[in-house]
Every structure is written in C-alpha cells, then in structure tokens.
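Colleague: Fold the following for me, if possible:
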Amino acid sequence: MKTLIKNVKIVNEGKIVEGDILLDNDLISKIDSQIFEEADRIIDGEGKYLLPGVIDDQVHFREPGLTHKGDIETESRSAIAGGTTSFIEQPNTVPNAVTQELLADKYEIASQKAYANYGFMMGGTNDNLEEVLKTNPRNVPGIKLFLGSSTGNMLVDNPETLEKIFSNTKMLIAVHCEDEATITANTQQYIDQYGEDIPVKFHHLIRSEEACYKSSSKAIELAKKTGARLHVFHLSTAKETELFRNDIPLKDKKVTAEVCVHHLTFTNEDYETKGGLIKWNPAVKTQKDKDGLWEALLDDRIDVIATDHAPHTWEEKQNVYTKCPSGAPLVQHSLLVMLENYKNGKISLEKIVEKMAHNPAILFRIEKRGFIREGYKADLVLVDLNENWTVEKENILYKCGWSPLEGTTFHSKVTHTFVNGNLVYENGKINEQKFGERLLFEVE
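Modeller: Here you go, the predicted model:
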C-alpha cells in the first residue's frame, strides 16, 4: 500500500519545510519537495502541518485489573485521535507487572488490542531484583520505580534494594519521586484538622515541594554514585529543575527529566473550580512552579513532555479528599494543549516535536521512530492549525467519559493519524483495525 501526502509543511529536526512524503507499506520511503510517483492513496495536505507521531513515555491504560476505568483498546484509541502513535505504559496495573510472566501477559493483550505502538515498563519492588534483572532491554523500555506511593502498592523504600537495582541494571530506570515520610506527616496534620474531607486546595502542600525535591535529589545522587541511567518522571516544582543539566546533548545525558502537560497547564488556583478532577501525584503546584517548569523545558533541562494519562471514573473522582484517587485522562488532548501554547507564543512547533517525538525516541533508544526520515516507520500526524473546536462529552473518547479539559476550546485540530503507514484516524473517524506494534529498543 502506497500513500502520498502532498503539499504539507513538514516539522522535523528543528526545521519546517514544504514538501511531499511517500509512504510504502509501514515505512517512509521518500521525502522531497515534489513527488510524482503513483500511489494507492493521495492526501492533499495543503495548509496543514505534518509532525512525527507523538510518543507518550508515561501512560496508565489500566489493563489488566482496573478496566472499569480504561483499557488498552479504549485508551490507545483515544491516543490516535490525539496524534499519539506510540505509548509506554506503567506497571501499576492489577496484578502489578513485577514478574516476567505478568509483563508478558500485558504484551499479549496489547498485541490483540492496541491501536498505537506499545511498550510496557517492568516494575521494581523491594524484593524482585532477580525478576528485574531478567528483563530484555531489546523489547522492554525500562524499569519503573515508585519512590513515593501513588496508585497501586508499589512503593520501593528500601535503600539497599534501590542501590542494588541502580547498580545492577544497564536499562533506563524511570522514577516517580515523592518522599513518603514527608507526605505521611503532612497528610496526618491535615486529617487532624479536617478529618477525611480535606479541601483539595491543600493537595500541593501535602504532596509538597519538599517531598518532591527530597526524593528526586536522592535518586539523582544514587544515579551519579552508581552510573545508572535515570529518567525522572513528571517534575512538578521549579526547585527540582535545578537538578538537571542542558550543557550536553540528550544522547549523552545519564540523568533526564520529563514534564507532564497538566503541570504546564494548571496551578493550585485551579483547585477551586476543578477540585478533585485535577488531583494528581505529584500535585499541580504554584504559578512560580509552572513558570519554572516552562523555563526548564525551553532551555532543555527538561527533555520530554508526556501525560501520565491515568483515568478514574467520574464517581471515584467525587469522593472526599482521602478517598479521591489521583490522576486524570489526557492522552487524547496532549498535543492539542501544546499546539495551543504554540498559538499563544509560548513554544515553537519545532520544540513541541522535539519534546514529544524526537526526544522520547532518543532517550528510550526507540528503533526507527520519532522522526520523519526515509526508512523510518511511518508514524505521522497531520494537523490543521486553523480549526476551532471545543472539548465536550460527545467527543471525549476515554472509557471514563470525562476530561479535566472539558469546555476548553482548541484552535487546532488533528485531522489524520498514521500508525505504521496505516491511516488510523481521519477527520473524526477511527479505522477500527488495529495496527499497533511492539516498540523495539536499540541496545548498546
């Protein structure tokens, strides 16, 4: 099957060039200013921008065990509608993916159900080092450690275990950093004052700057001591950004960082209107933190933009503070949020593509994806930067059926998404055939 996409503005590797692109089966076979070859399908992209598909390095698709909230099929379907063509999913499903067999089960499910390309992190615990070390770096993106407890019971808090994991694996270690003792003490203080129904506006003071900084600085110290490759997920404070560097290329960095779209979008002021819907771990913090995260993103101390997509049901989110789960669905709207920031003059298109496609591919060493290059997999998204639409119940595709962005009007739209050369999404219609493939990783 050959597809010819004509007259597009191609955003890739720091440049925007007008041209045509030919897809041959699953690969990009030719990029040129004009292509006149025969093709089975021709798409005129006049006035539109062609980007590499988004690679989201942190999602929770809830399968197995939590499928009343979301599953691999529903959430990957919403991903392709938003221009995300590959995802890396986390191990805190039920049961937790902490053995090779349980990890293999998730891959088996995805091979039947994923609309987008997929990778699954292996989970580390206080007592599964042997299992962690069996992980194959060719087809698993890395090891995930929760250094603060979040959704699921996967807290790794034994210093000896941590040092052993950091010392013994060459794989990338991705971490959720919040100091458990600090959070426990803070929570108790507020429970003493308010009982279970703590006003959600205090969430960022309970899961505080101190809790985040204490944990991430300790993890970085350990990475430097052991030489481990460390990727710190979802930075939420300005203070933490000081821990990262921007004076060497990403491929040479041993310690890297990610920011999520919600920490670039909301502040603690929004708890008043959004309540528990924007309760995340780590918490959305202050305007000063949001400004600091933007600064670090733009000067390359932060390497990747992701979602931490984590659906819960609407009912679960209405619970009192101590029973309201943290997390929200974002994968359908993450690219659009960033395009809105482009339209507002905060970030360039080239930088969005760098942080959402190129850099996840470099950081995780994903084979032949993340760039618009001849011979690479044809994971592509076509966007119209001049189309307005509003997020409403009717156009939300998440299984949980709600979004913290409901009521938001975007001024850009994803019109086409390609996964492995297949047109999977076109002007609101989803191709119900599933073309997602297992991501592969280059091994040194």
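Colleague: SS state for the nearest residue to Lys399 once chain neighbours are set aside?
Modeller: In space, and not counting its chain neighbours, Lys399 is closest to Thr74: 3.9 Å by Cβ to Cβ, 6 or more residues apart in numbering. No exception for glycine: its C-beta is placed from N, CA and C like everyone else's. Counting by DSSP: H, G, I helix; E, B strand; the rest coil, the backbone at Thr74 sits in helix.
Colleague: Would you quantify the distance from the closest residue to Leu397 other than its chain neighbours to Lys317?
Modeller: Nearest residue to Leu397, sequence neighbours excluded (Cβ to Cβ, 6+ apart): Ser78, at 3.8 Å. Relative to Lys317, Ser78 is positioned 17 Å away (Cβ to Cβ, to the nearest Å).
Colleague: Look at these two and report which has more neighbours.
Modeller: Using other Cβ atoms under 10 Å, the more surrounded residue of Ser78 and Lys317 is Ser78, with 27 against 21.
Colleague: The more buried one touches Leu330, doesn't it?
Modeller: No - judged on Cβ atoms under 8 Å, Ser78 makes no contact with Leu330 at a distance of 9.6 Å.
Colleague: so where is the stretch 101-250 of the chain shaky, pLDDT-wise?
Modeller: 148-153 (pLDDT under 70).
Colleague: 90 - rerun?
Modeller: For the stretch 101-250 of the chain, the stretches with pLDDT under 90 are 147-159, 161.
Colleague: can you pull out the strands in it?
Modeller: Taking DSSP state E, counting those that start in this stretch to define them, one finds strands in the stretch 101-250 of the chain at 117-120, 122-123, 143-146, 173-176, 230-232.
Colleague: any idea how far stretch 316-334 is from the chain center?
Modeller: Mean-position distance between stretch 316-334 and its chain equals 16 Å (Cα atoms, centre = their mean, to the nearest Å).
Colleague: Just the C-alpha atoms of it, please, in PDB.
Modeller: The C-alpha coordinates for stretch 316-334 follow below in PDB (Å, rounded to 0.1, in the frame of the first residue of the first chain):
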ATOM      1  CA  GLU A 316     -14.300   7.900  42.100                       C
ATOM      2  CA  LYS A 317     -13.200  11.400  41.500                       C
ATOM      3  CA  GLN A 318     -16.200  12.800  43.500                       C
ATOM      4  CA  ASN A 319     -15.000  11.100  46.700                       C
ATOM      5  CA  VAL A 320     -13.700  13.000  49.700                       C
ATOM      6  CA  TYR A 321     -10.000  14.000  49.500                       C
ATOM      7  CA  THR A 322      -8.500  10.900  51.200                       C
ATOM      8  CA  LYS A 323     -10.600   8.600  49.000                       C
ATOM      9  CA  CYS A 324     -10.400  10.600  45.800                       C
ATOM     10  CA  PRO A 325      -7.800   8.800  43.600                       C
ATOM     11  CA  SER A 326      -5.000  10.900  41.900                       C
ATOM     12  CA  GLY A 327      -4.700  11.000  38.100                       C
ATOM     13  CA  ALA A 328      -6.700  12.100  35.100                       C
ATOM     14  CA  PRO A 329      -7.100  11.200  31.400                       C
ATOM     15  CA  LEU A 330      -5.100  13.400  28.900                       C
ATOM     16  CA  VAL A 331      -3.700  11.300  26.000                       C
ATOM     17  CA  GLN A 332      -6.400  12.500  23.500                       C
ATOM     18  CA  HIS A 333      -5.600  16.200  24.100                       C
ATOM     19  CA  SER A 334      -1.900  16.500  25.000                       C
END
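Colleague: measure Lys214 to Leu293 for me?
Modeller: Per Cβ to Cβ, Lys214 is found 18 Å from Leu293.
Colleague: Apologies, that question was intended for Val98.
Modeller: Using Cβ to Cβ, we find Val98 at a distance of 31 Å from Leu293.
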